[in-house]
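Novice: attaching a predicted model along with its sequence, questions to come.
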Amino acid sequence: MSSSFKRKAPATQPPPLGTRLNVASSVLELSTGVPSLDDVLGGGQPLGSILTILTPDRHSNWSELLQRYWIAQGIASGQQVCVVGEPSCSAKLVEGCMWLSPAEYGDSVKGAASEDEREPGADEEVKIAWRYEGMKKFQTTVRTAASRRDDYNHTFELTQKIPSGVTESALQSGQLQYLSARSKATTPPFDEILSQIKALIEAQYATVMRLAIPELGGLYWGDTTPEAILRFVYLLRGMVQSTQFSVLISMPPHLAQDVPAFDSRTVDAGWITKLGFLSDGCLSFSSFGDNPALLSAFPAYHGFVHVHRAPSVRSLVPPSHKLSVLRGLSSPSSHTEGGGENNLGFKCTRKRFVIETLHLDVEGGVSERRTAPPISATVHEHSESSLTSPATKAESAKVAVEAPAPAYDEATSPVTTTKPKKARKVVAFQSGGRDLYDF
């Protein structure tokens, strides 16, 4: 007789929209909109954390591009998004966001690689050794798992712009909101912004929200001091660390250097280290725009990626050390692969922004490979000119070589005798028949 007892299994509650559990720290995380940046962070940005993006190049604004990726991912995933700053600048930032790729919804051929993602010579069949046919191809970045039902990470294209109807409906429904200082005081509005963020957290404590703070310490914040910025980041981290809010902070180029330039006073070195201590994660994207030597050495990249600190919420070791494929800290050390961290670089193509492992190109191009001669080789230098007359060439080609003939003595001359070869034996036998077999 079978028992009617049924074990009650705990109900598995699905994670909030656009989030997932990290396999290393079991913390909910959200996507930044860039799959390669998610890999560098260990899967994504944890909830209740602050990520600081620094771009020291004055001629480019990569932090604004990453802010737009981050905001577009939140709107596409159905999450709450709040932008802090001047309302007109915040609206301009959102209106310039990229949007979903048409291939994600089947508007174009599914499974077809984009023009900038297709490797040169991918359609050509290359014959390689049979022992290498089963090996996977060498990759410098992570693949984008584009799935229509997956709300964690959408595929965005820089050629697509967010529709105006999407932003208007997000503003009307309250999914998108702008936060700015109401008073026009001469002092920096750090305290007023913190009080508004605190009220927003109390009103939507259990809601997953993205809080974007672009250009912290810029013109909107007035005449700031390094102590005021560090105090603002420290207090903000204490507010959001036990909530489902995630913050992305970017700073202007003059504050993204190790020795920032403040108008009121000079600051000692170690500014980026202090920001890394006060933030959960801190990355800098150093462009090659101000260094022509690096630009010529790495023509396929736009800059370096430096990880000053990886997020480690509720864990002693950052998940990036175990899960990041691009950083390579979990790879075993051997004579071919070192156990250290890989050099990372970023590039922006026509359709996407991607982070890759940094490698030097082949000298002379892909089709040419130059190697130095071995040590044991002898290098000859020819000084003959190709403009000499045929007669001169004929005269120079005449070489007289005289060698004395060897003299052999009859007593010491070698005697060679040839032995007669033995005749081949013929073996014959009969096996129940008349046929004769010779071997």
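Specialist: Received the coordinates, thanks.

Novice: and the strands in the stretch 201-350 of the chain?
Specialist: Taking DSSP state E, counting those that start in this stretch, the strands of the stretch 201-350 of the chain run over residues 209-213, 245-250, 281-287, 303-309, 344-348.

Novice: now for the first one, which elements pack on it?
Specialist: Using 3 or more C-beta pairs under 8 Å, 6 or more residues apart in numbering; DSSP states H and E as the contact criterion, the neighbours of strand 209-213 among helices and strands are helix 62-77, strand 80-84, strand 245-250. All C-beta spots, glycine's among them, are computed from the backbone N, C-alpha and C.

Novice: export the ones you listed to TSV and tack on mean neighbour count, distance to Leu47 and mean pLDDT?
Specialist: What follows is the helices and strands packed on strand 209-213, written out as TSV (neighbours: other C-beta atoms under 10 Å; distance: least, C-beta to C-beta, whole Å; pLDDT from 0 to 100):
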stretch	mean neighbour count	distance to Leu47	mean pLDDT
helix 62-77	23	12	96
strand 80-84	22	12	97
strand 245-250	26	6	97
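
Novice: and Asn61, how many residues sit next to it?
Specialist: 17 (other C-beta atoms under 10 Å).

Novice: report pLDDT for it.
Specialist: You'll see Asn61 listed with a pLDDT of 88.

Novice: I figured it hits Thr55, correct?
Specialist: Yes. Judged on C-beta atoms under 8 Å, Asn61 makes contact with Thr55 at a distance of 6.6 Å.

Novice: ok, back up a step: Throw the strands of the stretch 201-350 of the chain into TSV and include distance to Leu236, thanks.
Specialist: Output for these, formatted as TSV (distance: least, C-beta to C-beta, whole Å):
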stretch	distance to Leu236
strand 209-213	8
strand 245-250	7
strand 281-287	14
strand 303-309	16
strand 344-348	27
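
Novice: which one of the ones you listed lies nearest to Leu358?
Specialist: strand 344-348 (3.9 Å; C-beta to C-beta).

Novice: who does that closest one pair with, and is each partner parallel or antiparallel?
Specialist: Here strand 344-348 has these sheet partners by DSSP bridges: strand 303-309 (antiparallel), strand 353-357 (antiparallel).

Novice: compute the distance between His308 and Thr349, please.
Specialist: Separation of His308 from Thr349 (C-beta to C-beta, to the nearest Å): 26 Å.

Novice: who's more crowded, the two?
Specialist: Taking other C-beta under 10 Å, His308 and Thr349 do not tie; His308 has more neighbours (16 against 13).

Novice: any idea how far the more buried one lies from Leu51?
Specialist: 11 Å.

Novice: can you check Gly345 too?
Specialist: 20 Å.

Novice: what's the answer for Ser25, then?
Specialist: In terms of C-beta to C-beta, Ser25 sits 15 Å off from Leu51.

Novice: kindly report the same for Pro163.
Specialist: 27 Å.

Novice: between the helices and strands packed on strand 209-213, which one is nearest to Gln45?
Specialist: Using C-beta to C-beta, the nearest of these to Gln45 is strand 245-250, at 5.4 Å.

Novice: which residues sit against that closest one?
Specialist: 30, 32, 45-55, 63-64, 66-67, 70, 201, 208-216, 233, 236, 239-240, 279 (C-beta atoms under 8 Å, 6 or more residues apart in numbering).

Novice: try it again with 6 Å
Specialist: 30, 45, 47, 50-53, 63, 67, 70, 209-214, 216, 240 (C-beta atoms under 6 Å, 6 or more residues apart in numbering).

Novice: what do you get for stretch 209-219?
Specialist: By C-beta under 6 Å, 6+ apart, stretch 209-219 touches 67, 71, 74, 79-85, 224, 229, 245-252, 255.

Novice: pLDDT of that stretch, averaged?
Specialist: 94.

Novice: tell me the buried residues in that stretch?
Specialist: Met209, Arg210, Leu211, Ala212, Ile213, Pro214, Glu215, Leu216, Gly217, Gly218 (16 or more other C-beta atoms under 10 Å).

Novice: and what of stretch 318-333?
Specialist: Per 16+ other C-beta under 10 Å, stretch 318-333 contains these buried residues: Pro318, Pro319, Ser320, His321, Lys322, Leu323, Ser324, Val325, Leu326, Arg327, Gly328, Leu329.

Novice: what's stretch 43-62 in contact with?
Specialist: Taking C-beta under 6 Å, 6+ apart as the rule, stretch 43-62 contacts 22, 27-32, 38, 63, 66, 237, 240-241, 243-244, 246-250, 253, 256-257, 275, 279-287, 289, 311, 313, 323.

Novice: number of nearby residues for Phe232?
Specialist: Neighbour tally, Phe232, other C-beta under 10 Å: 23.

Novice: once you drop chain neighbours, what's closest to it?
Specialist: Phe190 (4.6 Å; C-beta to C-beta, 6 or more residues apart in numbering).

Novice: now do that neighbour, the pLDDT please.
Specialist: For Phe190, the predicted pLDDT is 93.

Novice: do Ser3 as well
Specialist: On the pLDDT scale, Ser3 gets 64.

Novice: and if you look at the one 3 residues further on?
Specialist: At Lys6, the model reports a pLDDT of 65.

Novice: Arg369 too?
Specialist: 45.

Novice: before we move on, what about the one 3 residues further on?
Specialist: Model confidence at Ala372, given as pLDDT, is 55.

Novice: ditto for Pro87
Specialist: 92.

Novice: got a list of what it touches?
Specialist: Tyr178, Ser180.

Novice: how much space separates His321 from Leu360?
Specialist: 26 Å.

Novice: which residues touch Thr207?
Specialist: Residues Gln80 are the ones in contact with Thr207 under the rule C-beta under 6 Å, 6+ apart.

Novice: same question for Leu278.
Specialist: Contacts of Leu278 by C-beta under 6 Å, 6+ apart are Val233, Tyr234.

Novice: 10 Å instead?
Specialist: Ile50, Thr52, Ile229, Leu230, Arg231, Phe232, Val233, Tyr234, Leu235, Leu236, Arg237, Arg309 (C-beta atoms under 10 Å, 6 or more residues apart in numbering).

Novice: got a PyMOL select line for the buried ones in these?
Specialist: PyMOL command restricting the contacts of Leu278 to the buried ones, with burial defined by 16+ other C-beta under 10 Å:
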select buried, resi 50+52+229+232+233+236+237+309
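
Novice: which of the contacts of Leu278 fall in helices?
Specialist: Ile229, Leu230, Arg231, Phe232, Val233, Tyr234, Leu235, Leu236, Arg237 (DSSP state H).

Novice: closest to Ser101 among those residues?
Specialist: Out of the ones in helices among the contacts of Leu278, the member with the shortest distance to Ser101 (by C-beta to C-beta) is Leu236, at 33.3 Å.
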